[in-house]
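[1] Next come a sequence and a model predicted from it.
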Amino acid sequence: MLDQLRRDAPRYAHLGGWWKSPGFWVVALYRLGAWGHGLRNPLLRIPVVMAYRILKLPWRILLNVYLPPTAHIGPGLCLIHPNNILVAPGVVIGKDCILFHEVTLGTGPTPGVPTLGDGVDVYVGARVLGGVRIGDASMIGANCVVTRSIPPGSVVVAAPNRIVPRSLAGFARKADEKTAATPTPAPGPPAPAATPSTGDGDPEPGSR
């Protein structure tokens with residue numbers, strides 16, 4: 001556990017240092033829980049696990065961060081802005097990965113849970129779902145939903161946004177408002193049926 005924490009700490013140097021980065025402490029608490037659940041001696045395991053369950057409550061309630069001790073997280077994990085991060089039990093995260101806020105690693109359309117290789121960056125709002133594997137040194141872009149495996153060294157991006165002039169956007173909005181304000185005419189009585197004619201202006205015999 002201590003060796004993993006030593007690998008975690010330098011990852012927060014650009015965030016002001018590990019000692020004042022909430023992400024480091026969230027991961028440190030996860031490592032305590034994972035270590036405690038792996039202890040064979042119940043006299044040591046029970047107090048460590050109980051302490052872990054109590055200490056994790058602020059992160060779970062205030063930050064909505066869930067890193068279960070049954071997940072397998074390699075050293076060097078960096079949580080940037082640790083808010084609303086949900087990792088399912090059994091998820092595997094390799095070495096030196098980065099998770100931004102609003103990230104979910106969980107179940108999906110394929111059986112199982114995700115496996116992230118080494119050096120994977122998962123950006124804001126991304127979802128990696130199901131038993132997929134994200135190859136080493138890959139990047140999952142913001143707001144992407146990944147439901148299939150990705151080869152190493154890949155970059156996954158969401159659909160690009162459309163950019164239109166603001167004047168055009170205002171014109172379209174006014175047109176929509178005008179259409180919504182225009183009343184729909186009420187249906188009138190049905191038109192009378194046409195009287196058959198012989199062609200000389202007189203009604204066809206037998207039509208009266």
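    All right, it came through fine. Residues are numbered from 1 along each chain as shown.
[2] Residue ranges in this structure under the pLDDT threshold?
    Residues of the chain meeting the criterion pLDDT under 70: 168-208.
[3] switch to 80 and redo it
    For the chain, the stretches with pLDDT under 80 are 159, 161-164, 166-208.
[4] doesn't Pro10 fall inside a helix?
    Yes - counting by DSSP: H, G, I helix; E, B strand; the rest coil, Pro10 is part of a helix.
[5] Return the residues in contact with it.
    Each residue near Pro10 by C-beta atoms under 8 Å, 6 or more residues apart in numbering is listed here: Trp18. For glycine as for every other residue, the C-beta is placed from the backbone atoms N, C-alpha and C.
[6] Which stretches in the chain count as strands?
    Taking DSSP state E as the criterion, the chain contains strands spanning 65-66, 72-73, 78-79, 85-87, 92-93, 98-99, 104-106, 115-116, 121-122, 127-129, 133-134, 139-140, 145-146, 155-156.
[7] Can you report how many residues neighbour the closest residue to Pro151 other than its chain neighbours?
    Distances taken as C-beta to C-beta, 6 or more residues apart in numbering put Gly135 closest to Pro151, at 4.8 Å, once the chain neighbours are dropped. Other residues near Gly135 come to 18 when the count uses other C-beta atoms under 10 Å.
[8] cool, and the one 10 residues further on?
    Using other C-beta under 10 Å, Val145 has 14 other residues around it.
[9] In contact with the nearest residue in space to it that is not next to it in sequence, which residues?
    Spatial nearest neighbour of Val145, excluding adjacent residues (C-beta to C-beta, 6+ apart): Arg127 at 4.6 Å. By C-beta under 8 Å, 6+ apart, Arg127 lies in contact with 103-104, 106, 144-146.
[10] So what pairs up with Arg127 in the strands?
    Beta bridges link Arg127 to Thr104, Val145, judged by DSSP bridges.
[11] how close does it sit to Pro109?
    Look at Arg127 and Pro109: by C-beta to C-beta, to the nearest Å, they are 12 Å apart.
[12] cool, Pro42 as well?
    Distance from Pro42 to Pro109, counting by C-beta to C-beta: 39 Å.
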